[in-house]
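A.B. asks: need a structure here:
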Amino acid sequence: MRKLQVWLMTVSILGFGLSASAVTTQKWELLRFEDFSRGKLQSLRLSAEGRLSLGPKVESISGPAEDFYLSFVAAPDGSLYLGTGHNGRVYRLKGGKVELYFQAPEMDVTCLALDSKGILYAGTSPNGKIYRITGVGQGDSFFNPEEKYIWDLLFSEKGTLLAAVGERGGIYEISLLGEGKLLFKSEETHILCLHRLASGDTYAGSGGPGSLYFIKAGGKPALLYESSYEEIKAITTDSSGNIYIATSGTPTKPRPKEPAQPGAKVISAADVSITVIAAGAEKPVTAASGAEPREPGAVYQIKPDGLAKKLWSSNEEMAYSLAFRPEEKKLYFGTGAKGRVYSADSEDRVSLVYQGQFEQVYELFTFGNKLFFLGNNPSVLGSLLTEQSLEGEYLSPVLESSTPALWGRLEWLAEVPAGCSLLFQSRSGNSSRPNETWSDWSPPYQKIGEQILSPKARYLQIKALFRSQAGNASPVLQRLTLFYLPANLPPTLTSLEVFAPNEVFLKPLDQEEVIWGLSAVKKSDQSGREEGRIVSLGARKVVRKGYQTFRWEANDENGDELVFQVYLRKEGESDWRLLADNWSETIYVLDATTFPDGVYELKVVASDSPSNPPSQELKAEKISLPFIVDNTPPIIKNVLASLKGNELELSFEAEDNGSALSKAEFLVRPEPWRALFPVDGLCDGPRESFRAKVSLRPGADKMVVIRVQDKHGNSAVFWQNF
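C.D. replies: Residues are numbered from 1 along each chain as shown. Purely as a prediction, here's the structure:
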């Protein structure tokens, strides 16, 4: 009887409970299939429901020391034939012995096939040929299609050999005498795989981009399905007539919007056929040396009428191989670059069955009650057995904390039957990938609630060890949870901007005019409108006399909520005046009319106190560039105005003790205001002289009005009769 153990706990660190705030206790949890699948499995399986348990035993088959294992076929007598690259060799494996069976002059043996008499045929690439091999070292050229690649071989119902080729893309039919003809010329640059039905009909998958063709025995090829991927790498079917395809890669060129040839159609229930014409050459992806770049992949189920359904997809794994096991009613498919075998049942539930210590599951093949696989990078040959492994290991994805973290306690939810065990270990470091700088693996955690022993660091990884004394029971891990406290980092103030005098921002949707960033002290301006602090987006910039606006940028690496203190200090003073406390905006408006003229500085202090306990908050501050408060208007003096005939001669001087002058103008009614420039031509200093001669119209007023304004909007007016 299996014993159910369920461990649940509430964890706290340093006395603070679990919270959504950034620097309180954080939770990291693996619960779903998508969570656990980001880790690495060894002798484990992961169910569609997200449960980890011991997986099937793997029988490793001793193979030759070759760079790549590219093709595989099993003979009725139990012999296994293996095609390899890049030395162009075919091996026979039988009774635990490995013997060189045939040496081809080409680099790669990309496909193998056995005829009804047990004679082996091998297709090679590049610039490949098809060889007929009758015994050890006894092989000769059977057919040369004069193509660069021979991707697949398949015997038809009538005993002829079909060969899928590239770069010109097509299928050859070859008689037993070695006489071949082009059966199908594809629009795509490669035909990569073939699959024959019991009826004698054949499916073919292409690359550049990936399409599925149906070739009726004695009929013409028909396009059944166009995929959105670069290649269809494998095809298989089930007893219900459903078709399964493994697709991979991003298309190197888009499909044409219109059919390449008139009359081309997707096949329906009716027997509609087309013939397509070859396009330019494109080389499909083959087994690569070294790490494989991440490419997308998918597995589809296609009904005989062409209706397609996606069973599985990934942005990081390419689907390479397929095998359907009718006794289980399951589809198996192999992927890269994580060396995984998945299964999909009749309910379309996808489970991860096996993960190897290599990159690509290049081929799957069922023989007897075994599921054989070819793996590459490094090259491996093995089979998945029906028996269960007795031990396995799960390596979690690396947990990344925003800052170096204090690790809390570990909890999990699991079923551990009698005779089984489930242990955990941890390690930590400060690099995103574990290396020699990381800590050693901790002693095993056996009881729920044990404190994680790994040193404080930014990254952490968990290892789960599964053990069973018998092959009929397994621990089942359903959830893995840990808690941690990231180190608190101080906030940063990256900028503090001082706007021009009198520039403010208005909340656009308010009926009342509200200045964004103005303290909540009520005040009436010249129009009598009440103003206060607001939170607004899309504010409108306007000019309002007497205000000075400041804006800053602040951030916190922990994601803490920030509040601000705003201080003011006049030049020559040592103490700062507090203007605002617990300010939540990143904008502040000073009512400059309430302060005497002079040069000032504004200081902003940012604090993460809302997200941290008392005494543990951190602060940062920034001081603005000096700015001027000027509430005093300019002085207009030494005014001379005289009338000579109908011409007014005007001169005066203006000065301002706080800021530069910005403009001057005069008025002689009934004429409008007229601008007046200084003698030096530029109004940019605190003292300027002005002179002008103006012709007056008859009946003009005998009084001139002079108005001068400084940079802060302060105006002075002077009246002079003449």
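A.B. asks: alpha carbons only for contacts and neighbour counts from here, please
C.D. replies: Noted.
A.B. asks: residue nearest the middle of the chain, spatially speaking?
C.D. replies: With distances taken as CA atoms, centre = their mean, the residue of the chain nearest its centroid is residue 315 (9.3 Å).
A.B. asks: what does that residue show for phi and psi?
C.D. replies: Phi and psi for residue 315, reported as degrees, to the nearest 10, are phi -90, psi -10.
A.B. asks: could you shift the numbering so residue one becomes 37, and keep it that way?
C.D. replies: Sure, I'll start numbering at 37, so the last one becomes residue 351.
A.B. asks: wait, it touches residue 331, no?
C.D. replies: Yes. Under the criterion of CA atoms under 8 Å, residue 351 makes contact with residue 331 at 6.2 Å.
A.B. asks: most remote residue from the protein's center?
C.D. replies: If you look at how far each residue of the chain sits from its centre, by CA atoms, centre = their mean, the farthest one is residue 681, at 82.4 Å.
A.B. asks: now do the contacts for that one.
C.D. replies: For residue 681, the contact set (CA atoms under 8 Å, 6 or more residues apart in numbering) is empty.
A.B. asks: what of residue 209?
C.D. replies: Counting by CA under 8 Å, 6+ apart, residue 209 touches 196-199, 216-219.
A.B. asks: cool, residue 180 as well?
C.D. replies: By CA under 8 Å, 6+ apart, residue 180 lies in contact with 164-166.
A.B. asks: hmm, try it at 7 Å
C.D. replies: Counting by CA atoms under 7 Å, 6 or more residues apart in numbering, residue 180 makes contact with 165-166.
A.B. asks: got it, and the one 3 residues further on?
C.D. replies: Residues touching residue 183, when contacts are defined by CA under 7 Å, 6+ apart, comprise 163-164, 201-203.
A.B. asks: from these, which has minimum pLDDT?
C.D. replies: Across the set of the contacts of residue 183, residue 164 stands lowest in pLDDT, at 85.
A.B. asks: what about that one, how many residues nearby?
C.D. replies: Per other CA atoms under 10 Å, the neighbour tally for residue 164 reads 26.
A.B. asks: any idea whether residue 393 is helix, strand or coil?
C.D. replies: Per DSSP: H, G, I helix; E, B strand; the rest coil, the local secondary structure of residue 393 is coil.
A.B. asks: that one: how many residues sit nearby?
C.D. replies: Counted by other CA under 10 Å, the residues lying close to residue 393 total 16.
A.B. asks: now swap in residue 264 and tell me
C.D. replies: Residue 264 has 18 nearby residues by other CA under 10 Å.
A.B. asks: average pLDDT for the lengthiest strand in the chain?
C.D. replies: Criterion DSSP state E: the longest strand present in the chain is strand 435-451. Averaging pLDDT along strand 435-451 gives 94.
A.B. asks: same check, this time on stretch 618-631
C.D. replies: For stretch 618-631, the mean pLDDT works out to 95.
A.B. asks: am I right that residue 601 is in contact with residue 643?
C.D. replies: No. Counting by CA atoms under 7 Å, residue 601 stays clear of residue 643, with 8.2 Å between them.
A.B. asks: more neighbours: which of those two?
C.D. replies: Applying other CA under 10 Å to residue 601 and residue 643 shows that residue 643 carries more neighbours, namely 24 against 17.
A.B. asks: quickly note the distance from that one to residue 651.
C.D. replies: Distance from residue 643 to residue 651, counting by CA to CA, to the nearest Å: 12 Å.
A.B. asks: go on, residue 685?
C.D. replies: In terms of CA to CA, residue 685 sits 72 Å off from residue 651.
A.B. asks: what does residue 385 give?
C.D. replies: Relative to residue 651, and taking CA to CA, residue 385 is found at 52 Å.
A.B. asks: more neighbours, the two?
C.D. replies: Higher neighbour count among residue 385 and residue 651: residue 385, with 14 against 7, using other CA under 10 Å.
A.B. asks: next up, the contacts around the more buried one.
C.D. replies: Neighbouring residues of residue 385 by CA under 7 Å, 6+ apart: residue 84.
A.B. asks: quick one, phi/psi of it?
C.D. replies: For residue 385, the backbone dihedrals (degrees, to the nearest 10) come out as phi -90, psi 120.
A.B. asks: just checking, what packs against the helix or strand hosting residue 378?
C.D. replies: Assessed by DSSP states H and E, residue 378 sits inside strand 376-380. Other elements packing on strand 376-380 under the criterion 3 or more CA pairs under 7 Å, 6 or more residues apart in numbering; DSSP states H and E are strand 366-372, strand 386-391.
A.B. asks: chain center to the first one, what's the gap?
C.D. replies: The reference is to strand 366-372. Centre-to-centre, strand 366-372 and its host chain are 24 Å apart (CA atoms, centre = their mean, to the nearest Å).
A.B. asks: mean confidence for it?
C.D. replies: 96.
A.B. asks: do the same with the last one
C.D. replies: Average pLDDT, strand 386-391: 98.
A.B. asks: relative orientation of the helix or strand just after that strand and strand 366-372 in degrees?
C.D. replies: Going down the chain from strand 386-391, the next helix or strand is strand 396-403, by DSSP H and E. For strand 396-403 against strand 366-372, the angle by axes from the mean of the first three to the mean of the last three CA atoms, to 10 degrees is 150 degrees.
A.B. asks: thinking again about what came up before, rebuild the contacts of residue 183 as a markdown table, extending it with distance to residue 612 and secondary structure.
C.D. replies: Formatted as a markdown table, those follow (distance: CA to CA, whole Å; DSSP: H, G, I helix; E, B strand; the rest coil):
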| residue | distance to residue 612 | secondary structure |
| --- | --- | --- |
| 163 | 83 | coil |
| 164 | 85 | coil |
| 201 | 82 | strand |
| 202 | 79 | strand |
| 203 | 78 | coil |
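A.B. asks: pick the one among the residues you listed closest to residue 506.
C.D. replies: residue 201 (48.9 Å; CA to CA).
A.B. asks: please identify the helix or strand for the residue nearest to that closest one when sequence neighbours are not counted.
C.D. replies: Spatial nearest neighbour of residue 201, excluding adjacent residues (CA to CA, 6 or more residues apart in numbering): residue 186 at 4.5 Å. Per DSSP H and E, residue 186 falls inside strand 185-191.
A.B. asks: average pLDDT across that strand?
C.D. replies: Averaging pLDDT along strand 185-191 gives 97.
A.B. asks: who's in contact with that strand?
C.D. replies: Against strand 185-191 from outside (CA under 7 Å, 6+ apart): 146-149, 151, 159-164, 197-203, 228-230.
A.B. asks: cool, stretch 415-431 as well?
C.D. replies: Contact partners of stretch 415-431, identified using CA under 7 Å, 6+ apart, comprise 75-80, 90-97, 99, 103-105, 406-411, 498-507.
A.B. asks: got the buried residues for it?
C.D. replies: By 16 or more other CA atoms under 10 Å, the buried positions in stretch 415-431 come out as 415-421, 424-431.
A.B. asks: what mean pLDDT does it get?
C.D. replies: Stretch 415-431 comes out at a mean pLDDT of 95.
A.B. asks: chain center to it: distance?
C.D. replies: 31 Å.
A.B. asks: could you do stretch 370-386 as well?
C.D. replies: Offset of stretch 370-386 from its chain centre (CA atoms, centre = their mean): 22 Å.
A.B. asks: quick one: buried residues of that stretch?
C.D. replies: By 16+ other CA under 10 Å, the buried positions in stretch 370-386 come out as 370-380, 384, 386.
A.B. asks: do the same with stretch 738-749
C.D. replies: Buried, per 16+ other CA under 10 Å, within stretch 738-749: 740, 742-749.
A.B. asks: as TSV, those with distance to residue 239 and secondary structure would be great.
C.D. replies: Formatted as TSV, these follow (distance: CA to CA, whole Å; three-state DSSP):
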residue	distance to residue 239	secondary structure
740	99	strand
742	95	strand
743	92	strand
744	90	strand
745	87	strand
746	86	strand
747	82	coil
748	82	coil
749	83	coil
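A.B. asks: quick one: which two of the residues you listed are the most distant?
C.D. replies: Going by CA to CA, the pair spanning those furthest: 740 and 748, at 24.5 Å.
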